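Undergrad: for reference, the sequence and a predicted model appear below.
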Amino acid sequence: MAASSFYLIALTSITYAIKAQNLLKSMGYYCEIQRTPKELATGCGYSIRVKGDIRSILKILENASIKQNGFIETGGKI
Amino acid sequence: MINFDNAATSFPKPESVKNAVLTAFSKYGGNPGRSGHKLSMQTAMAVYNARNICADFFGSQIENVIFTHNCTHALNFAIKGLLSDGGHVIISDLEHNSVARPVFSLSSKKDCSFDIAKTSENDNITIYNFEKLIKSDTKAIVCTIASNVTGQILPFKKIGEICKRHGICFIADGAQACGIIPLKLSDGINILCTSGHKGLFGTTGTGLMITDGKFPLSPIIEGGTGSSSFSLEQPDFLPDRFESGTVNTVGVLSLGAGISFVNKIGINKIFAHEKKLCDMFIKGISPIKGIKIYRKPYCNYVPIVSFNIDGFSPEELAKALSDKGFALRGGLHCAPLAHKTIGSAPEGTVRFAPSLFNTEEQVYAIVKTLKQIKK
């Protein structure tokens, strides 16, 4: 995994997606909310698109009790 | 019409609440949490912000704030969700039917039972009466923080302490207390249920269930949540577990604005103003011959005064006041247990419940009118 790639992280709900976005943005991360694509999870849901070290980001989410349902690395620009 | 029936629902509402409603209609028309388009996302963000205001106000995690239709809805979620597989609960003798009826209904089911603790003007006796009823299968104490009939404030922090000591859940009905006295989950409350349209100034059709998450609840309503949709099982995470179907966006945003208004004015200032009006009212009506005011000297009260006048039923007196331009509620106030307790059953009382928007002049006017009615 690249140290500073884009990732899509599937979250359980819109509430957690906004909570995660607020948290990560407050820490200086790029973070946008989008619908979860079928490559990442089945069923309705929201993901956050983030840029940065995925291990650090996942740790931040875990410490905030924000459960994630998987992630994928994506391309793209901010 | 001068409204002294704010314990039923507050009116008028603050300008900021009216503006929030208008904004909700004009701007936040998407279905929050259901789509990825801007209209839905903007609305979801607005709902999140309102949820955050509620979480800050009551000291909870944001996801543990559940929007409900009213306090009754919230209490049904909490009581039936906790007792889904049986158990014993203790309620007080001042409960509204929003607590008493769900508990009574559950008691007809196998393995469900309840007891009623006698309240006293002495908090230590009240606590003793609750604690002595705790049994091996007791799951919760469910009680009001302040009676909707008399306004009597129960020793909720001490009740929270005995619940914690016995490892049982404290479900609090905050309908008459929220927005009037400071309340946090850290006061020992595990699940706080309240209306959103009384002291919190939201629109009717709003309520809250706020939990500390320590006592898992089974949902009593299941359905679409916009999350985990491929699964036929109800989500196990909050708030989705208890928010099936589209949320009342307009109401939720009004509630957020209402709580912000309470924060801006200051809860202590609101309480002081309403208490002053109640004190004036009591002083004004006390000389009326045949007056009965349902207050005890050593109790603390939220700003509610229940009373009767000899020769009038509560409904008759409320009607006479309505004819003179004053809105007060007469009758049982959906709380028959409380009326049995205070000795006003079966007809009930007339209830005076001012809000921040009532004035001293209005209190003078109703006192004068009551004196004229009694003549």
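TA: Looks like it came in fine. Since the structure is predicted, the reported quantities are computational estimates derived from the model, not experimental observations.
Undergrad: what does the pLDDT read for the residue most central in space within chain B?
TA: The residue at the geometric middle of chain B, judged as the C-alpha nearest the mean C-alpha position with Cα atoms, centre = their mean, is B:Ala175 (0.8 Å). The per-residue pLDDT reported for B:Ala175 equals 98.
Undergrad: pull the CA atoms of stretch A:54-73 into PDB?
TA: These are the backbone C-alpha positions of stretch A:54-73, laid out as PDB (Å, rounded to 0.1, in the frame of the first residue of the first chain):
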ATOM      1  CA  ILE A  54      -4.600   3.800   5.700                       C
ATOM      2  CA  ARG A  55      -3.300   2.100   8.900                       C
ATOM      3  CA  SER A  56      -3.300   5.500  10.700                       C
ATOM      4  CA  ILE A  57      -6.700   6.300   9.400                       C
ATOM      5  CA  LEU A  58      -8.200   3.000  10.400                       C
ATOM      6  CA  LYS A  59      -6.600   3.400  13.900                       C
ATOM      7  CA  ILE A  60      -8.200   6.800  14.300                       C
ATOM      8  CA  LEU A  61     -11.600   5.300  13.400                       C
ATOM      9  CA  GLU A  62     -11.200   2.400  15.700                       C
ATOM     10  CA  ASN A  63     -10.300   4.700  18.600                       C
ATOM     11  CA  ALA A  64     -13.500   6.700  17.900                       C
ATOM     12  CA  SER A  65     -15.500   3.400  17.900                       C
ATOM     13  CA  ILE A  66     -16.400   3.900  14.300                       C
ATOM     14  CA  LYS A  67     -16.800   0.500  12.800                       C
ATOM     15  CA  GLN A  68     -15.700   0.000   9.200                       C
ATOM     16  CA  ASN A  69     -16.900  -2.600   6.800                       C
ATOM     17  CA  GLY A  70     -13.800  -2.900   4.600                       C
ATOM     18  CA  PHE A  71     -11.800  -0.700   2.400                       C
ATOM     19  CA  ILE A  72     -10.300  -0.500  -1.100                       C
ATOM     20  CA  GLU A  73      -7.500   1.500  -2.600                       C
END
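Undergrad: so what touches it?
TA: With Cβ atoms under 8 Å, 6 or more residues apart in numbering or on different chains as the contact definition, stretch A:54-73 has outside contacts at A:1-2, A:5-12, A:16, A:19-20, A:23-24, A:27, A:29, A:39-41, A:45, A:50, B:61, B:237. C-betas here are computed from N, CA, C, even on glycine.
Undergrad: what mean pLDDT does that stretch have?
TA: Per-residue pLDDT values over stretch A:54-73 give a mean of 95.
Undergrad: over to stretch B:33-46?
TA: Per-residue pLDDT over stretch B:33-46 has a mean of 95.
Undergrad: check which helices and strands the helix ranked longest in chain A sits against.
TA: Here the longest helix in chain A is taken by residue count, with DSSP state H as the criterion, and it is helix A:14-26. Taking 3 or more Cβ pairs under 8 Å, 6 or more residues apart in numbering or on different chains; DSSP states H and E as contact, the helices and strands that helix A:14-26 lies on are strand A:5-11, strand A:30-35, strand A:46-52, helix A:54-63, helix B:38-58.
Undergrad: many thanks, we can stop here.
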